[in-house]
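Student: Task: produce atomic coordinates for the following.
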Amino acid sequence: MQKLAKREEQIMHAVWAVEKAFIKDIIAELPDPKPHYNTIATMVRILEDKGFLAHQAFGNTFQYYALVSKEDYQRQAVGDLIKQYFDNSYPNMLAYFAKSEKISEAELEEIVQIIKNKKP
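Tutor: Next up is the predicted model:
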């Protein structure tokens, strides 16, 4: 799966949020300043070419929906981040956040509980 550019990710987040969207719906979900309709239409077609979106035709308009789930994309993006910056080590990533005080001891304990509860 390809990594998306920032605006492509914003478009995907908009589609994931509303599940099925016309271009105007996508634009409504994007932050200000709102991009031009034609810009988003072009980027949506690119996302279709990349296999992230598909559409259903309603006359001359298209309603778009995601072919890649947010969870699948998130899993890959986080995996790529860990490979690139933390030597493919989740403990290294958690240690980084703990050392930089971006995560509290309580949050780390919560993570430990999630891990313990996941084990069979």
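
Student: Using neighbour counts, pick out the buried residues of stretch 111-119.
Tutor: With burial defined by 16 or more other Cβ atoms under 10 Å, not one residue of stretch 111-119 is counted as buried. For every residue, glycine as well, the C-beta is placed using N, CA and C.

Student: And the contacts of that stretch?
Tutor: In this structure, residues lying in contact with stretch 111-119 by Cβ atoms under 8 Å, 6 or more residues apart in numbering are Leu94.

Student: Return the distance of that stretch from the chain's centre.
Tutor: Taking Cα atoms, centre = their mean, to the nearest Å, one finds the center of stretch 111-119 at 24 Å from the center of the full chain.

Student: CA atoms only for that stretch, dumped as PDB, please.
Tutor: Extracted in PDB, the C-alpha atoms of stretch 111-119 (Å, rounded to 0.1, in the frame of the first residue of the first chain):
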ATOM      1  CA  ILE A 111      -1.000   0.100  27.600                       C
ATOM      2  CA  VAL A 112       0.300  -2.700  29.800                       C
ATOM      3  CA  GLN A 113      -3.300  -3.600  30.800                       C
ATOM      4  CA  ILE A 114      -4.500  -3.600  27.200                       C
ATOM      5  CA  ILE A 115      -1.600  -6.000  26.300                       C
ATOM      6  CA  LYS A 116      -2.400  -8.200  29.300                       C
ATOM      7  CA  ASN A 117      -6.100  -8.300  28.500                       C
ATOM      8  CA  LYS A 118      -5.400  -9.200  24.900                       C
ATOM      9  CA  LYS A 119      -3.400 -12.400  25.700                       C
END
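
Student: Could you give the average pLDDT over that stretch?
Tutor: What stretch 111-119 shows for mean pLDDT is 82.

Student: and what of stretch 22-29?
Tutor: Per-residue pLDDT over stretch 22-29 has a mean of 96.

Student: and for it, what are the contacting residues?
Tutor: Applying Cβ under 8 Å, 6+ apart, the contact partners of stretch 22-29 are 11, 13-15, 17-18, 21, 34-35, 37, 40-41, 44, 61-64.

Student: list the buried ones in that stretch?
Tutor: Under 16+ other Cβ under 10 Å, the buried positions of stretch 22-29 are 22-23, 25-27, 29.
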